[in-house]
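In: Sequence and predicted structure are below.
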Amino acid sequence: MPKYKVEHYESKIRRHFNPLIEEQELLVKQFKTDATKRIVGKLAKKMGADKIMDAFKKAEDQMKKAQQDAKTFFTKKAKQDEKKTLTYDFRRTDKDDLSLSDCEEQLREWAKSLVDRELRRRPEGEQLAQLEAVKQKAMDIVYENGDDQAIATALDNCTKKIGITWVVDTSKIKQISA
């Protein structure tokens, strides 16, 4: 089969399937976001990370307060006595150390992978998987057949299951008057 025909079929398959897949992915994404938020706390508790993260948060809060106190103290002293100059830039923010937000992000990533597996079991996830499988089957039909009529028939049979009509009957379309 000529390359232009294969590209035409690929384009047509994408045109039919991509909107359906994107719509289903949006539904799945909504469930994924909600489920991830719910699971993070449960996952942290189950793993024992909640205690570590609570202690981390308290330590971080104390560190922030101590840093603020130090900045305020030294800045105030430098302003009071003109002879004193600041050798340290109290406005800088270094991000070299592990932070609580790093830990929370790690838990969110682990929760997302759990949610992904769970979502494949939900009806929305199953429907997304089915759409992706039918799209792949349609692509296989194009690559495995050389006859245009056989491809059209096979694609029509394949896509009828999900409500896509591959061969459109144009005989019922009214003539546009000039």
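Out: Noted; the coordinates are in hand. Residues are numbered from 1 along each chain as shown.
In: Could you say which helix or strand holds L114?
Out: helix 100-119 (DSSP states H and E).
In: what angle sits between whatever helix or strand comes next after that helix and helix 100-119?
Out: Following helix 100-119 in sequence order, the next helix or strand is helix 123-144 (DSSP H and E). Angle, helix 123-144 to helix 100-119, by axes from the mean of the first three to the mean of the last three C-alpha atoms, to 10 degrees: 70 degrees.
In: Which strands and helices lie in contact with helix 123-144?
Out: Applying 3 or more C-beta pairs under 8 Å, 6 or more residues apart in numbering; DSSP states H and E, one finds that helix 123-144 contacts helix 3-47, helix 148-160. The way it works is simple: take the backbone N, C-alpha and C, and place the C-beta from them, glycine included.
In: follow-up on the earlier one: from the chain's centroid, how far away is the helix holding L114?
Out: The chain centroid and the centroid of helix 100-119 are separated by 12 Å, computed with C-alpha atoms, centre = their mean, to the nearest Å.
In: before we move on, what about stretch 59-77?
Out: Relative to its parent chain, stretch 59-77 has a centroid offset of 38 Å by C-alpha atoms, centre = their mean.
In: export that stretch as CSV, just CAs?
Out: Taking Å, rounded to 0.1, in the frame of the first residue of the first chain, the C-alpha atoms of stretch 59-77 are listed here in CSV:
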residue,chain,number,x,y,z
ALA,A,59,11.3,21.2,62.9
GLU,A,60,10.9,23.2,59.7
ASP,A,61,8.5,25.6,61.5
GLN,A,62,11.0,26.1,64.3
MET,A,63,13.8,26.6,61.8
LYS,A,64,11.8,29.2,59.9
LYS,A,65,11.1,31.0,63.1
ALA,A,66,14.7,30.9,64.2
GLN,A,67,15.8,32.2,60.8
GLN,A,68,13.3,35.0,60.9
ASP,A,69,14.4,35.9,64.4
ALA,A,70,18.1,35.9,63.3
LYS,A,71,17.3,38.0,60.2
THR,A,72,15.4,40.5,62.2
PHE,A,73,18.0,40.7,64.9
PHE,A,74,21.0,41.2,62.6
THR,A,75,19.2,43.5,60.2
LYS,A,76,18.0,45.7,63.2
LYS,A,77,21.5,45.7,64.7
